[in-house]
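Q: Predicted model and sequence below, questions to follow.
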Amino acid sequence: MSFGDPSNPYGPPQQQPEQPAPGYGHPQQTPPQQPGYGYPTAPPLEQQGYGQGYGQGYGQPGYGYPGGPLTMPSNVKSARVMLFVIAGLQVIGALLIAAGAVGISAAKNDQQLKNNVDFQKIADYSAGALWGFAVFALAWGIFAIVLGAKFGTGGSGLRVTTLVFAITTAVLGVYPFFVIGVVHIVLAVLVAVFIGKAEGAAWFNRSKHPAAHQ
């Protein structure tokens with residue numbers, strides 16, 4: 001019986017040749033990892049619709065990331081200033097109309113006109129109408145201030161309300177106050193145009209971030 005016969009099942013086990021240890025100057029190479037089955041590689045962010053530069057400079061104004069602009073666009077700021085100008089004109093107009101109503105009321109007390117029945121009726125009607133216009137003008141101006149003040153935090157509902165306000169103001173400037181409403185018409189049309197642009201829509205439809213600046 002020969003223990004050196006490799007076909008002998010009772011012989012000593014054959015020794016395997018030793019594998020050389022990796023040298024210090026030759027690092028082990030890790031085989032490249034293949035993407036797992038069922039998990040496809042995600043496309044770049046630009047192909048996912050987030051726009052170029054997504055995740056870089058977050059918080060800067062722009063429309064490339066889903067949250068929308070964090071800084072109020074210049075045309076929206078201009079529209080807000082115009083609302084405040086309209087409010088100032090409304091206050092001035094209300095004061096002038098009120099002064100006219102006071103003048104008519106004073107004329108009613110004139111001794112020469114007290115006995116004039118026709119004048120007294122017209123004076124009563126005119127004074128009442130003027131006071132009504134004065135209150136309406138003042139309320140319209142306050143409404144414009146409220147709209148402008150909410151531009152920093154308002155949403156799409158405020159945008160629609162502002163558009164309706166601007167269109168109504170322009171219509172009232174055409175009739176019946178065309179002579180004194182030309183400035184109102186111009187300002188109201190500009191407000192509607194600026195709010196109706198894409199930048200205005202992006203601002204009012206944005207996600208409300210605490211860091212949003214007015």
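A: Perfect, thanks for sending it.
Q: May I ask you to confirm that residue 144 is in contact with residue 82?
A: No - applying C-beta atoms under 8 Å as the test, residue 144 and residue 82 come out as separate, 9.0 Å apart. C-betas here are computed from N, CA, C, even on glycine.
Q: Neighbour count: the two, which is higher?
A: The neighbour comparison of residue 144 against residue 82 (other C-beta atoms under 10 Å) goes to residue 144, with 28 against 20.
Q: show me where this structure has helices.
A: For the chain, the helices defined by DSSP state H occupy 74-108, 117-149, 156-174, 182-196, 198-204.
Q: Looking at the last one now, give me its mean pLDDT.
A: It refers to helix 198-204. Here helix 198-204 scores 90 as its mean pLDDT.
Q: got the angle for the helix-or-strand element of the chain with minimal mean pLDDT vs helix 74-108?
A: Sorting the helices and strands of the chain by mean pLDDT, DSSP states H and E puts helix 117-149 at the bottom, at a mean of 87. With axes from the mean of the first three to the mean of the last three C-alpha atoms, to 10 degrees defining the directions, helix 117-149 sits at 160 degrees from helix 74-108.
Q: Helix 117-149: which residues count as buried?
A: 119, 123, 126-127, 130-131, 133-134, 137-138, 140-141, 143-145, 147-148 (16 or more other C-beta atoms under 10 Å).
Q: One more: stretch 97-111?
A: So for stretch 97-111, counting by 16+ other C-beta under 10 Å, buried means 97, 98, 100, 101, 104, 105, 108.
Q: Distance check, the fourth one against residue 132.
A: As for residue 101, its distance to residue 132 is 9 Å (criterion: C-beta to C-beta, to the nearest Å).
Q: ditto for residue 89
A: Computed with C-beta to C-beta, the distance linking residue 89 and residue 132 is 18 Å.
Q: Check residue 104 too.
A: Distance from residue 104 to residue 132, counting by C-beta to C-beta: 13 Å.
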